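Asks: model the structure of this input:
(3 chains)
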Amino acid sequence: MTEFTGNHILSVNQFDREAIGKIFETANTMQPYAQRKKQTRVLDGAILGNMFFEASTRTRVSFGSAFNLLGGSVRETTGMSSSALAKGESLFDTARVLSSYADVIAMRHPQSGSVAEFSQGSMVPVINGGDGSNEHPTQALLDLYTIEKELSSNLQTIDNMHIAMVGDLKYGRTVHSLSKLLAAYKNITFSLISPKELAMPDEVISIIENAGHKVIISQDLEGNADADILYLTRIQEERFENAQEANKYRGQFRLNQQIYTKHCKSNTVIMHPLPRDSRMEANELDTDLNLNPNLAIFRQVENGVLIRMALFALTLGVEDKVKQHECEVTWFSRK
Amino acid sequence: MTEFTGNHILSVNQFDREAIGKIFETANTMQPYAQRKKQTRVLDGAILGNMFFEASTRTRVSFGSAFNLLGGSVRETTGMSSSALAKGESLFDTARVLSSYADVIAMRHPQSGSVAEFSQGSMVPVINGGDGSNEHPTQALLDLYTIEKELSSNLQTIDNMHIAMVGDLKYGRTVHSLSKLLAAYKNITFSLISPKELAMPDEVISIIENAGHKVIISQDLEGNADADILYLTRIQEERFENAQEANKYRGQFRLNQQIYTKHCKSNTVIMHPLPRDSRMEANELDTDLNLNPNLAIFRQVENGVLIRMALFALTLGVEDKVKQHECEVTWFSRK
Amino acid sequence: MTEFTGNHILSVNQFDREAIGKIFETANTMQPYAQRKKQTRVLDGAILGNMFFEASTRTRVSFGSAFNLLGGSVRETTGMSSSALAKGESLFDTARVLSSYADVIAMRHPQSGSVAEFSQGSMVPVINGGDGSNEHPTQALLDLYTIEKELSSNLQTIDNMHIAMVGDLKYGRTVHSLSKLLAAYKNITFSLISPKELAMPDEVISIIENAGHKVIISQDLEGNADADILYLTRIQEERFENAQEANKYRGQFRLNQQIYTKHCKSNTVIMHPLPRDSRMEANELDTDLNLNPNLAIFRQVENGVLIRMALFALTLGVEDKVKQHECEVTWFSRK
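Replies: Alright, predicted model coming up:
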C-alpha cells in the first residue's frame, strides 16, 4: 500500500485499491467539518502554497478552502505571466524556491508533465491540480468517490456496476483518469458513447479490457437503459472539422429530463465534471434536471472538498489527529 | 424588521430604519477591534468567499480585512477571465459551486442584477459588493453611517439635516443608493448640484419628494451655505458630448479650502466615495483640504470596515458573541 | 541605533551596523519556526497588507509566508491595472485607505521613490518590497545575512573578506544595495567583474572606497582566485547595443563546475539573486553546480523568509514575544 505521509500526489496510477480505500475512508471523516457541523484546527499554523500557473477558479478555491477547513493558511498565485518561469527559470528551481514558503503545494500548470518535474525540486509534498492534458488526479478521485457514495445509497457497489460515459471521450481528461481508477475494481460494464471522431483512445480501452471489464461502444444513448451511472462530458464544437459535422451530432449527446425518463432507470446517477454550459444553444446537461434527485453534479463539488481535505491530511500525516483538534461551529452554517 | 442571520444583503431597498439602526449599532461595537484596541476570534474557522468578478482593490481588501478582523479566513478571486462564467456557466451553477467552499460570500460583478441572480443558487449568505450600475449597498450604508457619526459629533441628527450632493448625480451609483436610504429619515433638505446634463434622475427625486423631503436643484455651490453635509462625486469628462461642453463646467464643481471657506459653514462635513483624482488638471477635491478637520473621506474608509464587519457578524448570526471571543492585541497598533 | 517599532523599512541607508546586528539576531531566532521545528502564533489576529502593484511571485509569497509563519493573516493585491492608482489617485490617498485595512504593509511598485511617498500617507509601518530601480532592502539584507552565515561556517567574518561581484553591475539593483550595506563593515576587498558597458556606477564605488575598502576592477574571473564570496547577477543581452557586442561577452561571466574548480577556492560561496535562467543558451549559473555544497542560492531564499519574519516582528514590536507564543508542529515537516 502507498505510504502517503511526505509523498507527492501526481497521478492516478500511483493508487491501488487499498490506497483508494484509505483516501475514501479519510474523506468520510471530513464530512462533519466540510458541512460545518464541527470545525477542526489540526493544521493551524501550516501553510499551503496554492500555485496555479494556469487559472482555474473553482479548483483553486476548492484546494484553498479544503486547507482552511483543516485550520491552515493559504498563500497563492494565479497565472504565469508574473512568474519567474517566464524568465527561463527551471521548474526545479521554482520548486526549490516555492517549497521554502509552504508545508505542502497544490499546483496546476498548462504543460503536461510539469507537476511531476516540479515535484523533483520540492522539499514538501506536491499535489497535482492538473497538468495540461495529462493528469488531474483529485478530479478522478472525487468522481470515483461520488460514484461509490451514490451507488451505496442505492445499495450498490462499484464492483459489478454499469457506467455509461458520454460525449467527448477522446480529449476528456477526466474520463481517461476515471477509467484507469475503475480498472482496479471488478466486473464493470463500460458503455462508451461518443461521436466516432471523439471515441475513447484505444490505450484506455485496453487498460479496461485487460482488467477484465466489459466494454460496449456506441454512438447514442439508446440501449443503455440499465446504466447505473451516466457520466457526461462536454463536446466542444471546435473539435470537429466543420460546423456541418458538428451539427450532425447536435442534441445527440445532450441530456434533459425527457431524454432521461426515456433512456434511464429511475435511479441512474447523472454526473458531469463541470462547468456545464447553460446557454440555450449548448449541447449539454439541461437545467430542467436540477430538480432530479439523481443529478449528482453539485455533490461531486462537495465531495471534491472532502477528497482534497483527505489528501492534505494524509500527505501531512495528520489523518488521525483531526478529531482531536475539533471544536464547535458557533456561526450560522449553510442550508 | 429584517432578520439578518442566513440572509443575503443585495440592495438598500431591503432595509427599513430599524434594520439600519441594528446595522449601525453592530458597527459601533466593532470599533475597538478595527482600531486594534482589542481583537476578536468570533469567526475563527469560518471562510469568506471574496468573489470579485470585477477588480476593485479597495472594496475587495476592505471586505477581506473586515472578515480577518473577526478571526475568519478568506478565499478570493479577482476578475472574470479565469472563471467558468466565461465558458457559459450560469450564475446559478457558479453560486452552487462556490458556496460549497465558503460560509459567506461577498461578490462584485460588472453586470447589473448579477449578484441577486447568483444569490438564488447560493447555499450561504451573499453580500453585494457592487453589481455594475445597479447597487453597492455597503457603500451606501457606510456613507449613511458616516453622516450619522459626523453629525452626531456636531450634536445634529440625520433627521432635519441639509445635505448637498455635488457633481455627477446622473451616473453616480453612490448618490442614488444613499438618497434611497435617506428617504427613510425625516425632514431632510437635499441640494442637488450638478451640470444639467448630469442631473439626478427623476425616479430618485420622486422617491425623496414622496417621502416628504425638500429638494433644491441648482448648478453651483452658491446659496448652499447652510449645508451640513457636502457629498461630492467625480465628474468624468467623457460624460459630455465634447470637450467644449466639459470646459464650461471646469472648476465649477471643484472644492478647495478657499471655496469651502466662501461657501460653507465652519463645520460642514466633506464626503466623497473615493478614489479622488489628485492630478493637477482634475476637477475634484483639492488636497489642500487634507488639513481640514471636516474632511471625512478617510473616516468613510474606516467606517466601511466597521459596516462590513457588522454585516458579516449579522448574516452569520454572531453579533452577540463578538465580545465573548475577545483577546488582547500585543503588537504595535496603528497611529 | 534605529528604533524599529512602528517605523518604515524603506532603504538600506537607514541601517547602521548596530541595526543590522539587531535584524540578524532576530532573524536567527526565527529559524526553528521557518524550519517547522516549532510554530509561533505571536501575530495571530494581525493583518499584513501585501500590496504588490508590480507582480513578483516569489517576493510576494515570501513576505506572505513570513507573516503566516508568525501567525498572522494576509490580504493582498497583485498588479496595477485594478487599482485606483490608475484613476489618478495619489500614493498618499492610496496609503491612507489601504493602511485602514492592515497592521503592516509590504509594498512593491514599479516607480522609483513610490514606496517612500506611499509611506507618508500610511498609518502603519511600510516595508519596501522593491520600488523600480531604486531600492529592495529586504533582498540586500538577506544577501548580507547569507554572507555572514556562510562565512561563519568557514570561521570567517564579513570584516576582512574578499567578495567578487560578477555580471551586470550597472543595472543590478541588488549589487548596489548590498555594496552600500557592506560599506558599514571593515577592510573588505571588492572585485568588480563586468563588461565595461555594465560597470559598477562611480557613485557606488565612491561609497565603498570612502569607507576604506579595497576595489579591484576587472573584466574576467581570472586573478580572483581568493574570493570568499562570488556574487553573480544576470547579464541581460538587451543591455548591449547589438548582438555582436553581446556575443563578445558570451560565456565570459558564466559559472559552471569546471570554471569554479579552475578559478575559485574550494570553499568559495556562490550567490545569485534568482531567478537564474536555466535555458541552454543562457549566460549564467549552470545547473551542474547544484551538487556543489558551496552553492548558497537556495539558502538565500530560506534566509529571505527569516529576514522578513524578523522585520515584521521588529516593526510590530513583538520580537521578544515570539517564543512565548510558541507551540508544537504536529504535521509532517519538510525534508
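Asks: which stretches in chain A count as strands?
Replies: Per DSSP state E, chain A carries strands over the ranges A:38-40, A:47-52, A:73-78, A:104-109, A:126-131, A:162-166, A:189-193, A:214-218, A:229-232, A:269-271, A:326-328.
Asks: closest one to chain B among these?
Replies: strand A:38-40 (4.0 Å; Cβ to the nearest Cβ). Using the backbone N, CA and C atoms, a C-beta is placed for each residue, glycine as well.
Asks: residue ranges with poor pLDDT in chain A?
Replies: Residues of chain A that meet the criterion pLDDT under 70 lie in A:1, A:81-86, A:250, A:283, A:335.
Asks: what about 90?
Replies: Screening chain A residue by residue with the criterion pLDDT under 90, one finds the ranges A:1-2, A:55, A:79-89, A:133, A:171-173, A:197, A:219-226, A:234-254, A:276-284, A:333-335.
Asks: ok, now which ones touch the residue most central in space within it?
Replies: Residue closest to the mean C-alpha point of chain A, counted by Cα atoms, centre = their mean, is residue A:139 at 1.1 Å. Counting by Cβ atoms under 8 Å, 6 or more residues apart in numbering or on different chains, residue A:139 makes contact with A:59, A:130, A:173-174, A:177, A:273, A:304.
Asks: go again with 7 Å.
Replies: When the contact criterion is Cβ atoms under 7 Å, 6 or more residues apart in numbering or on different chains, the partners of residue A:139 are A:174, A:177, A:273.
Asks: likewise residue A:20?
Replies: When contacts are counted by Cβ under 7 Å, 6+ apart, residue A:20 touches A:181, A:184.
Asks: let's see 10 Å
Replies: Shown here is residue A:20, whose contacts under the criterion Cβ atoms under 10 Å, 6 or more residues apart in numbering or on different chains are A:2, A:12, A:141, A:144-145, A:148, A:158, A:181, A:184-185.
Asks: with residue A:49 instead?
Replies: Residues in contact with residue A:49 (Cβ under 10 Å, 6+ apart) are A:74-77, A:95, A:98-107, A:122, A:124, A:126, C:61, C:64-65.
Asks: restrict these to those near chain B?
Replies: Checked against chain B using Cβ under 10 Å from any Cβ of the partner chain, those give the following subset in range: A:74, A:76.
Asks: domain assignment for chain A?
Replies: A:12-135+A:304-328, A:138-298 (automatic domain parsing).
Asks: return the most buried member of those domains.
Replies: Per-stretch averages of neighbours, counted by mean count of other Cβ atoms under 10 Å in any protein chain shown, single out domain A:12-135+A:304-328 among the domains of chain A, with a mean of 21.
Asks: ends of it, how far apart?
Replies: Its start and end residues considered, domain A:12-135+A:304-328 measures 35 Å (Cα to Cα, to the nearest Å).
Asks: so does stretch A:150-161 get close to chain B?
Replies: No. Taking Cβ under 10 Å from any Cβ as the criterion, stretch A:150-161 and chain B are apart, separated by no less than 16.7 Å.
Asks: next to chain C, which bits of the stretch 101-250 of chain A? Give me the list.
Replies: A:101-104, A:121-125.
Asks: and those, which two are the farthest apart?
Replies: Taking every pair in these and measuring Cβ to Cβ, the maximum separation is 16.1 Å, between A:103 and A:121.
Asks: tell me the one of the residues of the stretch 101-250 of chain A next to chain C nearest residue A:91?
Replies: Each of these was checked against residue A:91 using Cβ to Cβ; the closest is residue A:121, at 6.7 Å.
Asks: residues contacting the closest residue to that closest one other than its chain neighbours?
Replies: Distances taken as Cβ to Cβ, 6 or more residues apart in numbering or on different chains place residue A:95 nearest to residue A:121, at 3.3 Å, with adjacent residues excluded. Going by Cβ under 10 Å, 6+ apart, residue A:95 touches A:49, A:51, A:105, A:107, A:115, A:117-124, A:126.
Asks: find the closest residue to chain C in the stretch 101-250 of chain A.
Replies: residue A:101 (3.9 Å).
Asks: any figure for the gap between the closest residue to chain B within chain A and residue C:167?
Replies: Closest contact between chain A and chain B, by Cβ to the nearest Cβ, is at residue A:55 (3.1 Å). Taking Cβ to Cβ, to the nearest Å as the measure, residue A:55 and residue C:167 are separated by 34 Å.
Asks: is the residue of the stretch 101-250 of chain A closest to chain C in contact with residue C:301, as I believe?
Replies: Yes. With contacts defined as Cβ atoms under 10 Å, residue A:101 counts as touching residue C:301 at a distance of 8.4 Å.
Asks: which neighbours do the two have in common?
Replies: Both residue A:101 and residue C:301 are contacted by C:58, C:62, under the criterion Cβ under 10 Å, 6+ apart.
Asks: and the residue of chain A most remote from its centre, how far from residue A:56?
Replies: Going by Cα atoms, centre = their mean, the residue of chain A most distant from its centre is residue A:244, 32.6 Å out. Applying Cβ to Cβ, the value for residue A:244 to residue A:56 is 33 Å.
Asks: and if you look at residue A:17?
Replies: Distance check for residue A:17 against residue A:56: by Cβ to Cβ, it reads 29 Å.
Asks: kindly report the same for residue A:296.
Replies: Plainly put, residue A:296 is 21 Å away from residue A:56 if you go by Cβ to Cβ.
Asks: same question, residue A:324
Replies: As for residue A:324, its distance to residue A:56 is 33 Å (criterion: Cβ to Cβ).
Asks: do the same with residue A:94
Replies: Residue A:94 sits at a distance of 19 Å from residue A:56 (criterion: Cβ to Cβ).
Asks: what's the answer for residue A:323, then?
Replies: Here residue A:323 is placed at a distance of 31 Å from residue A:56 (Cβ to Cβ).
Asks: now residue A:117
Replies: For residue A:117, the distance to residue A:56 - Cβ to Cβ - is 19 Å.
Asks: how about residue A:133?
Replies: Computed as Cβ to Cβ, the residue A:133 to residue A:56 distance reads 14 Å.
Asks: quick one: the residue nearest to residue A:273 when sequence neighbours are not counted from residue A:148, how far?
Replies: Taking Cβ to Cβ, 6+ apart, and ignoring the residues beside it in sequence, residue A:273 has residue A:174 as its nearest neighbour in space, at 4.5 Å. When distance is defined by Cβ to Cβ, residue A:174 is 16 Å away from residue A:148.
Asks: can you check residue A:280 too?
Replies: For residue A:280, the distance to residue A:148 (Cβ to Cβ) stands at 35 Å.
Asks: for residue A:2, same thing?
Replies: Shown here: residue A:2 relative to residue A:148, a distance of 18 Å by Cβ to Cβ.
Asks: next: residue A:207.
Replies: 20 Å.
Asks: ok, residue A:35 touching residue A:329?
Replies: Yes. Counting by Cβ under 10 Å, residue A:35 sits close enough to residue A:329 to count as a contact (9.4 Å).
Asks: just the helices in the stretch 151-300 of chain A please.
Replies: Remark: helices of the stretch 151-300 of chain A, listed N- to C-terminal, are A:173-182, A:202-210, A:243-249, A:257-263, A:297-315; assignment by DSSP state H, counting those that start in this stretch.
Asks: need the contact list for residue A:300.
Replies: By Cβ under 10 Å, 6+ apart, the contact set of residue A:300 is A:139, A:142-143, A:145-147, A:149-150, A:271-274, A:307, B:97, B:100.
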